[in-house]
Each structure stands twice: as structure tokens, then as C-alpha cells.
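[1] Here is my input, please return the structure:
(one chain, ligands or ions: 1)
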Amino acid sequence: MKRDKILKQYEASGDNLLAILHDIQDASAEHYLDDASLRAAADYLKLPYSFVYGVASFYTMYSLEPRGKNLIRICQSPPCHLLGASTISRELMRLLGIGFGATTPDKLFTLEMTSCLGVCGVAPAMMVNGRVYGNLTRERIGGIIEDLRRVK
Ligand code: FES
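    Residues are numbered from 1 along each chain as shown. Sure, this is the predicted structure:
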């Protein structure tokens, strides 16, 4: 959805800033907030650009840098941690050849940590572009990454 269309869905109130930034970022193919989007949100909400920039840079859920086509977020909260999230994380780093917070050179994957995804019953879990994968094992991770690579 275009940025202007997203803005018009909301009342021009500062209370809507977080939701607007979320929607704009979700609509970005590179999963990030570019400078033009921050300025558009500031103008629409009649907020100082510096304030909007400060909010976007404060919360880890927002990125001011382009990210990979597949944004992988692995849960590191205690239930997932206890059930093997560290092993899954190591396997992801090995398969992708990158660390957390990084993007593969082909721009296909970005790896991030997150707190609870709300699906502790299927821990360990991760989210890729909004889709949840649970009951992860080292073996399953390889197949998931292969499938994601195939959908170019
Ligand atoms: S702790 Fe990982 S989904 Fe809740």
C-alpha cells in the first residue's frame, strides 16, 4: 500500500504515530522506514521530524536501514530459549553466513532476535515476514531456508 494511502487511514493525531510507522514499514519491500516516510509521517501528524526520527530510532521494531527480502526474527524469550532457541540461532547463522542484525550480501535474508512472539506453545519459534514457524529443529531450519531461497 502506498504511503499516502496508509497515512489517510489514520486520524492526524500523534497517538497514531507508532501504528503509522508500523504500517509503512510493513508495506516496504525492504522492511524499513526511509527518510521520506519519516518526513511524510511528521508532516501528516504535524510533529517535528526530529521527534519522529527519535521514535523510529528508539524502538528496535523499526529499522532505518534496508533489510533483506526475508526478515527472520527468532524468539529469544525464556520459553524458547529453554527449548533450544540458541541451537536454532547458531544453525541460522551457519546456514546464512551472517550474524544477528546483519543482511546477506544477496539481500535475501536479515537475521534478528525478538522477544516473545506469543506462540510459546510451539517453542522454539521464529517469524519470517509475519509468518510464524514453531517447533523448530536444526533439521527443519535447513528446509525452511531452502524453501525461502527458492521463492526469489
Ligand atoms: S517465548 Fe518464544 S514465542 Fe513466547
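[2] could you say which helix or strand contains residue 32?
    Element membership for residue 32, per DSSP states H and E: none, as it lies in no helix or strand.
[3] could you list every residue that touches the residue lying closest to it once chain neighbours are set aside?
    Nearest residue to residue 32 in three dimensions, chain neighbours excluded: residue 63, at 4.3 Å (CB to CB, 6 or more residues apart in numbering). Where you see a C-beta, it was placed from the backbone N, CA and C, and this is true even at glycine. Residue 63 is in contact with 25, 31, 32, 33, counting by CB atoms under 8 Å, 6 or more residues apart in numbering.
[4] Among the residues you listed, find the lowest-pLDDT one for me.
    Lowest in pLDDT among the contacts of residue 63 is residue 31, which has 91.
[5] Need the max-distance pair from the contacts of residue 63.
    The distance between the two most remote of the contacts of residue 63 (CB to CB) is 9.3 Å, for 31 and 33.
[6] is it true that residue 71 touches residue 29?
    No: in terms of CB atoms under 8 Å, residue 71 does not count as a neighbour of residue 29; the distance is 10.8 Å.
[7] ok, residue 141 - contacts?
    88, 91, 92, 95.
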